[in-house]
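Student: What follows is a protein structure lacking sequence information:
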């Protein structure tokens, strides 16, 4: 008997890659699973794979980039299996473009699927969990890209929003027995093929089995993880790493506050050689000599 016996959950973007791994591991631990994916054929393949192994699963192509689609997804859980206890927000797209060239469509489509889709699906699931009186677990998906990554203003911005929503929901929903965590997964997928380095050039990444994020998701959805909420974990490969949450660090303090002349005097003295590295790759802060516009030839 698995640690999710009697539970019902859904996984968005469950038809391939990392999401498929989530579905397989939830089912292996005893949960009934609604496999959601924009590609219904791929979702059905995963549902069939689960059924062959003796699990319970159905496929859904509800559009999670809309309130209506999120409602349809949660309703499918209830209609097929009687409730919802686990909500795994995994679906995502990329539309990489450098900031000055990014179009409104590229911005809005990524924010809609990642940030808004996570909001809608989590809220609809949490409302159902509250009304059931059962509690439950929400697992969101963030990315190291929210630390800053070339060409990913939209994707990184959405993932940063999801991290902040995770912290907020954990506090708000604890009264209903609902836990909210997130993973920052690793795995070789169609999306990871677009990865770029700090210089904006494509980089070759070693193969990482995308299904290896699934065990942590299954654990976080279980009652055995009742003590964990509001956390972000780096997952996949050989790692389970706790991501440090944003916090204020070193600082200057002055009774009565700071005036411009005071800042001109003290900012260089205090903060030079203390500024944070910028971006995903965390090279030492490179701009102490100033950021200047190109000089005309």
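Tutor: On my side now, so go ahead. Every value quoted in this text rests on a predicted model; they were computed, and no experiment measured them.

Student: When you work out contacts or count neighbours from here on, use the C-alpha atoms and nothing else.
Tutor: Noted.

Student: Strands of the stretch 151-297 of the chain, start to end?
Tutor: Taking DSSP state E, counting those that start in this stretch as the test, the strands found in the stretch 151-297 of the chain are 178-185, 232-236, 239-242.

Student: Could you do the stretch 1-150 of the chain as well?
Tutor: Using DSSP E, counting those that start in this stretch, the strands of the stretch 1-150 of the chain run over 8-11, 32-36, 57-60, 86-88, 136-141.

Student: Partner strands of the fourth one, with direction?
Tutor: With DSSP bridges as the criterion, the sheet partners recorded for strand 86-88 are strand 8-11 (parallel), strand 136-141 (parallel).

Student: residues making contact with it?
Tutor: Strand 86-88 is contacted from outside by 7-12, 121-122, 125, 136-140, 221, using Cα atoms under 8 Å, 6 or more residues apart in numbering.

Student: Please tell me which one of those residues counts the most neighbours.
Tutor: Neighbour counts for those (other Cα atoms under 10 Å) peak at residue 10, which has 33 neighbours.

Student: any low-confidence regions in the chain?
Tutor: 189-205, 207, 296-297 (pLDDT under 70).

Student: list the buried ones in the longest helix seen in it?
Tutor: Looking across the chain with DSSP state H, the single longest helix is helix 153-173. By 16 or more other Cα atoms under 10 Å, the buried positions in helix 153-173 come out as 153-163, 165-167, 169-170, 173.

Student: which residues touch it?
Tutor: With Cα under 8 Å, 6+ apart as the test, helix 153-173 has contacts from 94-99, 106-108, 110-111, 114-115, 118, 126, 140-149, 178-182, 229-232.

Student: redo that, cut-off 6 Å
Tutor: Helix 153-173 is contacted by residues 107, 111, 114, 115, 142, 143, 145, 146, 179, 180, 229, 230 when judged by Cα atoms under 6 Å, 6 or more residues apart in numbering.

Student: Could you do stretch 138-145 as well?
Tutor: So stretch 138-145 is contacted by 86, 87, 88, 89, 90, 156, 159, 180, 181, 182, 183, 184 (Cα under 6 Å, 6+ apart).

Student: For the residues you listed, give me a markdown table that also has distance to residue 290.
Tutor: Compiled in a markdown table, the contacts of stretch 138-145 are given as follows (distance: Cα to Cα, whole Å):
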| residue | distance to residue 290 |
| --- | --- |
| 86 | 49 |
| 87 | 46 |
| 88 | 44 |
| 89 | 41 |
| 90 | 40 |
| 156 | 25 |
| 159 | 29 |
| 180 | 41 |
| 181 | 39 |
| 182 | 37 |
| 183 | 36 |
| 184 | 33 |
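
Student: got a winner among those residues for most neighbours?
Tutor: Ranking those using other Cα under 10 Å puts residue 86 first, with 32 neighbours.

Student: Which residue, neighbours along the chain excluded, lies closest to that residue?
Tutor: residue 9 (4.2 Å; Cα to Cα, 6 or more residues apart in numbering).

Student: do residue 22 as well
Tutor: In this structure, residue 22 finds its nearest non-sequential neighbour in residue 214, 4.2 Å apart by Cα to Cα, 6+ apart.

Student: Residue 175 versus that neighbour, what's the distance?
Tutor: Distance, residue 214 to residue 175, by Cα to Cα, to the nearest Å: 27 Å.

Student: what about these two, which has more around it?
Tutor: For residue 214 versus residue 175, the count of surrounding residues by other Cα under 10 Å is larger for residue 214: 22 against 11.

Student: Cross-check the contact I'm expecting between that one and residue 21.
Tutor: Yes. Using Cα atoms under 6 Å, residue 214 makes contact with residue 21 at a distance of 5.1 Å.

Student: Please tell me how far residue 241 sits from residue 170.
Tutor: Relative to residue 170, residue 241 is positioned 19 Å away (Cα to Cα).

Student: so who does residue 148 touch?
Tutor: Residues in contact with residue 148 (Cα under 6 Å, 6+ apart) are 279, 280.

Student: quick one: it from residue 247, how far?
Tutor: Plainly put, residue 148 is 17 Å away from residue 247 if you go by Cα to Cα.

Student: Then residue 5?
Tutor: 38 Å.

Student: Neighbour count: those two, which is higher?
Tutor: Taking other Cα under 10 Å, residue 5 and residue 247 do not tie; residue 5 has more neighbours (15 against 5).

Student: Can you report how many residues neighbour the residue lying closest to that one once chain neighbours are set aside?
Tutor: Nearest in space to residue 5, with sequence neighbours left out and distances taken as Cα to Cα, 6+ apart, is residue 30 at 4.3 Å. When neighbours are defined as other Cα under 10 Å, residue 30 has 20 of them.

Student: From residue 151, how far off is residue 30?
Tutor: Distance from residue 30 to residue 151, by Cα to Cα: 40 Å.
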